[in-house]
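show me the folded form of this:
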Amino acid sequence: MSERDLLGGYVETWWSAVGDLVALLEELDADDWTRPTDLAGWDVKAVASHTAHLESLLAGGPDETADIGEPAHVTGPMGQFTEIGVVTRRDREPAAIIDEIRATTSARHATLTATPPHDAGAPADGIFGLIGWNTRTLLRNRPLDVWMHEQDIRRAVGRPGSLDSPGAQHTADYLVEAFGFVVGKRVAPPAGTTAVLAVDGSAPIAVRVGDDGRAQRLDVAPDAPDVALAMDRESFIVLAGGRRTAVPGAVTVSGDQELGARIVASLATTP
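Below you'll find the predicted structure:
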């Protein structure tokens, strides 16, 4: 696949995820916007405001500044940055936030469609380039971010769904790739340890820990790995996204139970 096709696929998956998010936001009533989400300190309106902020910046909107105070849930520079969009939209009506997301994403999609990105290694736009991201990283992360926040809102308001959308597939497959990092670096079992992760709807991934401590991906899963984890997509997403624990019984661990429990506890790779 060419770089142009790869990047274009990310753009269309993001655009699909945006459409799903906007459609969900339009269904909410006034009480829904104040419901707490799994993200510490953020209600539904805060999640939508954060998304509006990032999409505005990517569409060429002005940099925003705000005195965010010292909220307990903000623990670092990135948290300080993401809180700005929440604070600057605190007095806006939900309809205005929806309109902003729709307008800014439509403008950016039109630009990306008219002039398709073709250089995956080129510096990303705006602040994302300043933190070292290239175009591939930015475009690959946007569908994940938008879809994850759609799911944050769905759980908050009790409206499950969108688990088989393009954004869902993209996000699950993307996060599955971090399994080797989780096993090798976070859990760090002895060299030679093999582990398998099977998430419904995504290709299973098998890794083996080498003498250097890195967990290398295996082309073929061993018949009897030291540990194997199996779970549905939603359970994996809440764990890998650091949102909450999975529903009891949703994760099946075969083999070394203690090792399996440590891996499950270490799956979170995105805030």
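
please enumerate the helices of the chain.
Secondary structure of the chain (DSSP state H): helices at 3-27, 44-58, 77-88, 94-114, 126-130, 135-157, 166-176, 179-181, 233-240, 257-265.

any low-confidence regions in this structure?
Across the chain, the ranges flagged by pLDDT under 70 are 271.

quick one on the thing from earlier: winner for burial among the helices of the chain?
helix 44-58 (a mean of 24; mean count of other C-beta atoms under 10 Å). Where C-beta positions appear, they are placed from N, C-alpha and C, glycine not excepted.

just to revisit the earlier point, okay, the helices of the chain in JSON lines with distance to Gly192 next?
Supplementary listing: these in JSON lines, determined by distance: least, C-beta to C-beta, whole Å:
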{"stretch": "helix 3-27", "distance to Gly192": "35"}
{"stretch": "helix 44-58", "distance to Gly192": "43"}
{"stretch": "helix 77-88", "distance to Gly192": "36"}
{"stretch": "helix 94-114", "distance to Gly192": "46"}
{"stretch": "helix 126-130", "distance to Gly192": "39"}
{"stretch": "helix 135-157", "distance to Gly192": "32"}
{"stretch": "helix 166-176", "distance to Gly192": "22"}
{"stretch": "helix 179-181", "distance to Gly192": "15"}
{"stretch": "helix 233-240", "distance to Gly192": "25"}
{"stretch": "helix 257-265", "distance to Gly192": "13"}
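
wait, which of those helices is closest to Asp223?
helix 257-265 (17.5 Å; C-beta to C-beta).

now do the closest one against helix 233-240, angle only.
Computed by axes from the mean of the first three to the mean of the last three C-alpha atoms, to 10 degrees, the angle separating helix 257-265 from helix 233-240 equals 80 degrees.

and helix 257-265, what does it pack against?
On a contact count with 3 or more C-beta pairs under 8 Å, 6 or more residues apart in numbering; DSSP states H and E, helix 257-265 meets strand 227-231, strand 252-255.

what's the closest of the helices of the chain to Thr34?
Using C-beta to C-beta as the measure, helix 44-58 is the one of the helices of the chain that comes nearest Thr34, at 6.8 Å.

show the end-to-end separation of stretch 31-44, please.
The straight-line separation of the ends of stretch 31-44 (C-alpha to C-alpha, to the nearest Å) is 10 Å.

can you tell me what sits against it?
The set of residues external to stretch 31-44 that reach it, using C-beta atoms under 8 Å, 6 or more residues apart in numbering, is 28, 45-48, 50, 71-74, 86, 94, 152-153, 155-157, 238, 243-244.

the same query, at a cut-off of 10 Å, please.
By C-beta atoms under 10 Å, 6 or more residues apart in numbering, the surrounding residues in contact with stretch 31-44 are 24-25, 28, 45-50, 71-75, 79, 82-83, 86, 93-94, 97, 148-149, 151-159, 238, 241-244, 271.

got the buried residues for that stretch?
Of the residues in stretch 31-44, those with enough neighbours to count as buried (16 or more other C-beta atoms under 10 Å) are 32-33, 37, 39, 42-44.

cool, and stretch 56-75?
For stretch 56-75, burial by neighbour count (16+ other C-beta under 10 Å) applies to 56-59, 61, 68, 74.

sweet, I'm off.
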